[in-house]
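Peer 1: 3D model of this:
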Amino acid sequence: MGQFKMNLRPTFLATGFALPTALLATEAQAHVKWFCAFDVAGQPRGLEQVLCADFEWLVAVALVCLMFGCLA
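Peer 2: So this is what the prediction gives:
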């Protein structure tokens, strides 16, 4: 049986990038819509009002890419 050899280089590269980035972070950033006024008592929007054609195309393209990636 062949000998299993693990390449740790990608792990060290990822750690070498993530650690300084985490240490240099100063404040959290959030999207503005999370802090907008929201009417809790109001009627929820339907999917036809929330989703648009661009979103549906992006989901379809992403699913096709994932299927081809799995087959490859």
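
Peer 1: where does this structure dip in pLDDT?
Peer 2: 1-14, 28-36 (pLDDT under 70).

Peer 1: longest helix anywhere in the chain?
Peer 2: helix 53-71 (DSSP state H).

Peer 1: what packs against it?
Peer 2: Here helix 53-71 touches no other helix or strand, going by 3 or more CB pairs under 8 Å, 6 or more residues apart in numbering; DSSP states H and E. (Each C-beta comes from the backbone N, C-alpha and C, glycine too.)

Peer 1: name the SS class of residue 38, please.
Peer 2: At residue 38 the chain is in coil, as set by DSSP: H, G, I helix; E, B strand; the rest coil.

Peer 1: list phi and psi for residue 46.
Peer 2: Phi and psi for residue 46, reported as degrees, to the nearest 10, are phi -80, psi 160.

Peer 1: and it, what does it touch?
Peer 2: Residues near residue 46 by CB atoms under 8 Å, 6 or more residues apart in numbering: none.

Peer 1: now it: how far from residue 39?
Peer 2: Here residue 46 is placed at a distance of 16 Å from residue 39 (CB to CB, to the nearest Å).

Peer 1: same check, this time on residue 22
Peer 2: 37 Å.

Peer 1: do residue 21 as well
Peer 2: Counting by CB to CB, the gap from residue 21 to residue 39 is 38 Å.

Peer 1: what about the two, which has more around it?
Peer 2: Legend: neighbour count by other CB atoms under 10 Å for residue 21 and residue 39, higher for residue 21 (9 against 6).

Peer 1: state the helix or strand in which that one lies.
Peer 2: Using DSSP states H and E, residue 21 sits within helix 9-24.

Peer 1: immediately after that helix, which helix or strand?
Peer 2: By DSSP H and E, the next helix or strand past helix 9-24 is helix 47-50.

Peer 1: now for that next one, which elements pack on it?
Peer 2: Using 3+ CB pairs under 8 Å, 6+ apart, helix 47-50 is in contact with no helix or strand.

Peer 1: tally of neighbours for residue 50?
Peer 2: 9.
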